[in-house]
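A.B. asks: 3D model of this:
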Amino acid sequence: MIDVKINKKLVSACGEMALNVGFSIDKGSFTALTGVSGSGKTTLLRCIAGLSDADSGFIRCGGEVWLDTLKKKKLPVRKRGIGFVFQDYALFPNMTLRRNIFYACNDIKKTDELIGMAELDGVADLYPEKLSSGQKQRCALLRAVSREPELLLLDEPFSALDADTKRLFHAELVKWRELFDFTVMMVSHDRAEVVRLADRVLKLDRGIIESDVTHKSGCYGRTAVINAAARRVS
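C.D. replies: Numbering: from 1, shown residues only. Predicted structure coming up:
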């Protein structure tokens, strides 16, 4: 179980607002974050990862406290069980595909096994500038899962891909999730992608959770609105 309750003042395209959210996520679930640009989705992921500071609140993963502003406790990013795939992939340009993955897990055997499973052996020693968008995407995903994270955070990771390639990577993500048994939170504006992958959808509007929708029977199941009203966290 991951528990999040945070407040953070933001300045977005919509003007000043407060990211003010509270929710819990079950282990092994796949939660999508949707909403218009500037509603706080990426900031929420960054706060969970420890890349941005919340003004107040807490984040707990299982029995471990990642953040507690009252107790002035903040667990460093490297000590949180997190994998993060950014929209621009954020690969190290001075490292080959193999070195990018090895840097994350520090295990050459695991690195080569993942490269083989993803059928990237032929480009493993190329630098990011020589890789296609699809190869960069696969590298970023493998780098994130190589650490066997408890929580995988995805910030619109497939937005630069065409529809057919997206579907291939959706299947890839499902495969890695089943293999490593991690929890997923993904920011996406693609409704079809959300329906295909997520079993829960949190819609943000100006920093609050406008709706919380779950799928009853997996990724393609019927949906039921759990809480359609905005929930403000005191």
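
A.B. asks: residues touching the helix ranked longest in the chain, excluding its own?
C.D. replies: What stands out as the longest helix in the chain, according to DSSP state H, is helix 163-180. Identification of contacts with helix 163-180 by Cβ atoms under 8 Å, 6 or more residues apart in numbering yields 30, 118, 133-134, 137-138, 141-142, 145, 148-149, 152, 157-158, 161, 184, 190, 193, 196-197. For every residue, glycine as well, the C-beta is placed using N, CA and C.

A.B. asks: now do the SS call for the residue nearest the centre of the chain.
C.D. replies: In the chain, the centroid-proximal residue (Cα atoms, centre = their mean) is residue 153; its distance is 1.5 Å. Secondary structure state of residue 153, per DSSP: H, G, I helix; E, B strand; the rest coil, is strand.

A.B. asks: let's see the longest helix of the chain as PDB, backbone CA atoms only.
C.D. replies: C-alpha atoms of helix 163-180 as PDB (Å, rounded to 0.1, in the frame of the first residue of the first chain):
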ATOM      1  CA  ALA A 163      -0.300   4.400 -32.600                       C
ATOM      2  CA  ASP A 164       1.100   1.100 -33.800                       C
ATOM      3  CA  THR A 165       4.300   1.500 -31.900                       C
ATOM      4  CA  LYS A 166       2.400   2.600 -28.800                       C
ATOM      5  CA  ARG A 167       0.500  -0.700 -28.800                       C
ATOM      6  CA  LEU A 168       3.700  -2.700 -29.000                       C
ATOM      7  CA  PHE A 169       5.100  -0.800 -26.000                       C
ATOM      8  CA  HIS A 170       1.900  -1.200 -24.000                       C
ATOM      9  CA  ALA A 171       2.300  -4.900 -24.400                       C
ATOM     10  CA  GLU A 172       5.900  -4.600 -23.400                       C
ATOM     11  CA  LEU A 173       5.000  -2.700 -20.200                       C
ATOM     12  CA  VAL A 174       2.400  -5.300 -19.300                       C
ATOM     13  CA  LYS A 175       5.100  -8.000 -19.700                       C
ATOM     14  CA  TRP A 176       7.600  -6.200 -17.500                       C
ATOM     15  CA  ARG A 177       4.900  -5.500 -14.900                       C
ATOM     16  CA  GLU A 178       4.000  -9.200 -14.700                       C
ATOM     17  CA  LEU A 179       7.600 -10.200 -14.600                       C
ATOM     18  CA  PHE A 180       8.800  -7.800 -11.800                       C
END
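
A.B. asks: next helix or strand past it?
C.D. replies: strand 183-187 (DSSP states H and E).

A.B. asks: what average pLDDT does that following strand get?
C.D. replies: The pLDDT scores in strand 183-187 average 94.

A.B. asks: tally of neighbours for residue 66?
C.D. replies: Using other Cβ atoms under 10 Å, residue 66 has 25 other residues around it.

A.B. asks: quick one: it and residue 75 touch, right?
C.D. replies: Yes. In this structure, residue 66 is within contact of residue 75 by Cβ atoms under 8 Å, at 4.6 Å.
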